[in-house]
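Peer 1: the following block contains a protein sequence and its predicted model.
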Amino acid sequence: CFHGYSGRITKSLMGEFLYVIECCLDAISSLLLSLPPSHLRTHKFKLSLVDQSSTLLWTMLKEEAVTISFLKDIISLCVDKIPSVLRRAELITREAISSNSPAKTLCDLLESCCDSVATGGQPWKRTSESRSPTFNERNEADPTVHATLNQNLSSPKALACALECCFAAMDVIWDLASGKILEPEGSIGIDSCAGTNLNIRRVDEVAQLFKTLYRYFDSTDSYGSQEPMVIAALLSSKGKLFLCATLEKMTNVLASSISVIISNLSTPIRYLQISENSSFALDESLRESLIFFVGWLRSIEHNTAKLDNISGTNHWCAIEQELAAESKRDARKLIDRLANIARSLEYLEDDTRELTVAIDAMLNNESSSDEISSLLSQFLPPVAGRTSSPFGEETSSCSVQLFSDLLHRCIQCVDNSMSKVRDKCPNIEDSAEDESESTDEIEGLTFHGKRQLDVRRKSRKKSRMSRNNTIDEWLTLDNCKSNGKKHSINSYTDLEDFIVDG
């Protein structure tokens, strides 16, 4: 794009071009806060032009020669800043601004980075072999060298930059969700058609984000080792840090989501019909919780990778333990961090099983089933042959049944993937075999047209939550006083090395 390439756009002109785009985004963000939602809906077409600008930048990045010095700015605009403005506009207008998900570019780039790592195209882990300078090395040494996106991603510096931008953009999504779940601003008006379509589109977006990350738990044999290596284990220390941080945020959002959902099952549904055109006011915390939890369930159901976030984290942790033992390197902090994430996901899995039992019980209680079904229909895609109206009487128990089936399928998928991981890594404890079956286990419930299914896990040996006895005791007390809500070790991680046991 510079110094005579592609229309003779100079480097300084390109810098001004990107600066103007950022200024425009700041101005649009200010307008979103000041203009009424009705006005924004009327001019929705103009907002869709923002999405087109992201598409143009992404196309330029993929197909044109771009200097590595501008790579971070362009990627940040495509995967973070422009999508953030679009998400904010959609939350305010309660309508989809574009047919494409705001996270599409982010997922595409994460997959490209994953492919580069898996095929050995990036020397994040440099070898001691001497070799002549390659195009990638010359590209790093000279920031004026031009390269397309695929060429850039085979460069260590560019790939590190791309992954940093991607994980930072993903963290923004999880932080925003966490804020809306834990500190909601109030109730959100939802139109029966547009609001439901946006919810379902957002569920699909969350599912795609999860599925993209699952690819980093796949294995690759491109490095010539006897055993295929987990892609996540091929990242540098900094890359692993980014991925761990994202997994922690994802897990915390899911834990908060299912806690909100379970708590709402025992209280009246917090939405009311406020007008004749089927407009509803829905608690923002409950809405965000359902979007991210259902999105996670759908990501597991439609996962094309071999592992999910539960089995994948356990497998990655076991691989890092093996690598640390072989190389005698100190990887305790990374292993402890992964182990803490795995424990939090273990609690999430238990809560999901409890929710499944509760939802199955609701199928036998038509009065509560109707209320829950009207709510769930706003977040589950319509099924062929059934009414498309999210509030119609024909769906009074349909959505609860669909949600129950989805929960059962996901639990089965998680069990299957964890079974595969235990076969590969026998050192991972099989919690289902730690002790004999508990006598107070809840039996499987029978629901219409189904055989009895027991979704509850066999009782597990109580696992330690921290390697520090004092912190483990604190976490145990916290969990006992929080009505079943599991607290994360993350709150005390920094204190583990400073507090003396006893």
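Peer 2: That came through fine. Numbering: from 1, shown residues only.
Peer 1: from residue 414, how far off is residue 356?
Peer 2: Going from residue 356 to residue 414 by CB to CB, to the nearest Å gives 12 Å. Glycine gets a C-beta too; all of them are placed from N, C-alpha and C.
Peer 1: which non-adjacent residue is nearest residue 216?
Peer 2: Using CB to CB, 6 or more residues apart in numbering and skipping residues adjacent in sequence, the residue nearest residue 216 is residue 232, 4.6 Å away.
Peer 1: what's near enough to touch that neighbour?
Peer 2: Contact analysis of residue 232 by CB atoms under 8 Å, 6 or more residues apart in numbering lists 216-217, 240, 243, 312, 316.
Peer 1: ok, so of these, who is nearest residue 117?
Peer 2: Distance ranking of these against residue 117, using CB to CB, places residue 216 first at 8.1 Å.
Peer 1: my guess is that closest one meets residue 231, correct?
Peer 2: Yes - Residue 216 is in contact with residue 231 according to CB atoms under 8 Å; the separation is 5.1 Å.
Peer 1: mind checking which of the contacts of residue 232 are in strands?
Peer 2: Judged by DSSP state E, those include no members of strands.
Peer 1: among those, which ones are in helices?
Peer 2: Judged by DSSP state H, helices contain the following of the contacts of residue 232: 240, 243, 312, 316.
Peer 1: the residue nearest to the first one when sequence neighbours are not counted: neighbour count?
Peer 2: Going back to what we said before, that points to residue 240. Distances taken as CB to CB, 6+ apart place residue 334 nearest to residue 240, at 6.1 Å, with adjacent residues excluded. Around residue 334 there are 19 other residues, counting by other CB atoms under 10 Å.
Peer 1: so which elements touch the one helix or strand residue 334 maps to?
Peer 2: Element membership of residue 334 [criterion: DSSP states H and E] is helix 332-362. Counting contacts by 3 or more CB pairs under 8 Å, 6 or more residues apart in numbering; DSSP states H and E, helix 332-362 is packed against helix 237-265, helix 309-327, helix 366-376, helix 398-424.
Peer 1: please point out which parts of that helix sit buried.
Peer 2: For helix 332-362, a neighbour-count test (16 or more other CB atoms under 10 Å) marks 334-362 as buried.
Peer 1: what pLDDT does residue 200 get?
Peer 2: pLDDT, residue 200: 89.
Peer 1: what about it, helix or strand, and which?
Peer 2: Going by DSSP H and E, residue 200 is in helix 194-214.
Peer 1: picking up where we left off before, export the contacts of residue 232 as JSON lines, with columns for distance to residue 160, pLDDT and neighbour count.
Peer 2: Output for the contacts of residue 232, formatted as JSON lines (distance: CB to CB, whole Å; pLDDT from 0 to 100; neighbours: other CB atoms under 10 Å):
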{"residue": "216", "distance to residue 160": "15", "pLDDT": "95", "neighbour count": "26"}
{"residue": "217", "distance to residue 160": "20", "pLDDT": "94", "neighbour count": "26"}
{"residue": "240", "distance to residue 160": "12", "pLDDT": "93", "neighbour count": "19"}
{"residue": "243", "distance to residue 160": "13", "pLDDT": "95", "neighbour count": "22"}
{"residue": "312", "distance to residue 160": "22", "pLDDT": "93", "neighbour count": "27"}
{"residue": "316", "distance to residue 160": "19", "pLDDT": "93", "neighbour count": "27"}
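Peer 1: just put those residues in a markdown table and tack on distance to residue 118.
Peer 2: Listed next are those as a markdown table, based on distance: CB to CB, whole Å:
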| residue | distance to residue 118 |
| --- | --- |
| 216 | 9 |
| 217 | 11 |
| 240 | 15 |
| 243 | 14 |
| 312 | 14 |
| 316 | 14 |
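Peer 1: mind checking how far the nearest residue to residue 203 once chain neighbours are set aside is from residue 210?
Peer 2: The shortest distance from residue 203 to any non-neighbouring residue, by CB to CB, 6+ apart, is to residue 295 (4.6 Å). Distance of residue 295 to residue 210, computed by CB to CB: 7 Å.
Peer 1: with residue 107 instead?
Peer 2: Distance, residue 107 to residue 210, by CB to CB: 10 Å.
Peer 1: what about the stretch 1-150 of the chain, any weak spots by pLDDT?
Peer 2: Regions of the stretch 1-150 of the chain meeting the criterion pLDDT under 70 cover residues 1-9, 65, 121-148, 150.
Peer 1: if we go to 80?
Peer 2: 1-11, 37-39, 41-46, 62-69, 99, 120-150 (pLDDT under 80).
Peer 1: what about the helices in it?
Peer 2: 11-34, 37-42, 44-63, 71-76, 82-93, 104-118, 135-141, 149-153 (DSSP state H, counting those that start in this stretch).
Peer 1: tabulate those helices (a markdown table), appending distance to residue 289 and mean neighbour count.
Peer 2: Listed next are the helices of the stretch 1-150 of the chain as a markdown table, based on distance: least, CB to CB, whole Å; neighbours: other CB atoms under 10 Å:
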| stretch | distance to residue 289 | mean neighbour count |
| --- | --- | --- |
| helix 11-34 | 24 | 13 |
| helix 37-42 | 23 | 13 |
| helix 44-63 | 27 | 16 |
| helix 71-76 | 29 | 20 |
| helix 82-93 | 15 | 20 |
| helix 104-118 | 22 | 21 |
| helix 135-141 | 44 | 16 |
| helix 149-153 | 35 | 20 |
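Peer 1: and those helices as TSV, adding distance to residue 422?
Peer 2: Output for the helices of the stretch 1-150 of the chain, formatted as TSV (distance: least, CB to CB, whole Å):
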stretch	distance to residue 422
helix 11-34	48
helix 37-42	51
helix 44-63	40
helix 71-76	38
helix 82-93	38
helix 104-118	24
helix 135-141	39
helix 149-153	34
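Peer 1: nearest to residue 259 among these would be which one?
Peer 2: Per CB to CB, nearest to residue 259 of those: helix 82-93, 22.1 Å.
Peer 1: between the closest one and helix 194-214, how big is the angle?
Peer 2: Computed with axes from the mean of the first three to the mean of the last three CA atoms, to 10 degrees, the direction of helix 82-93 lies at 150 degrees from that of helix 194-214.
Peer 1: I'd guessed residue 41 sits against residue 92; true?
Peer 2: No - between residue 41 and residue 92 there is no contact under CB under 8 Å: 9.1 Å.
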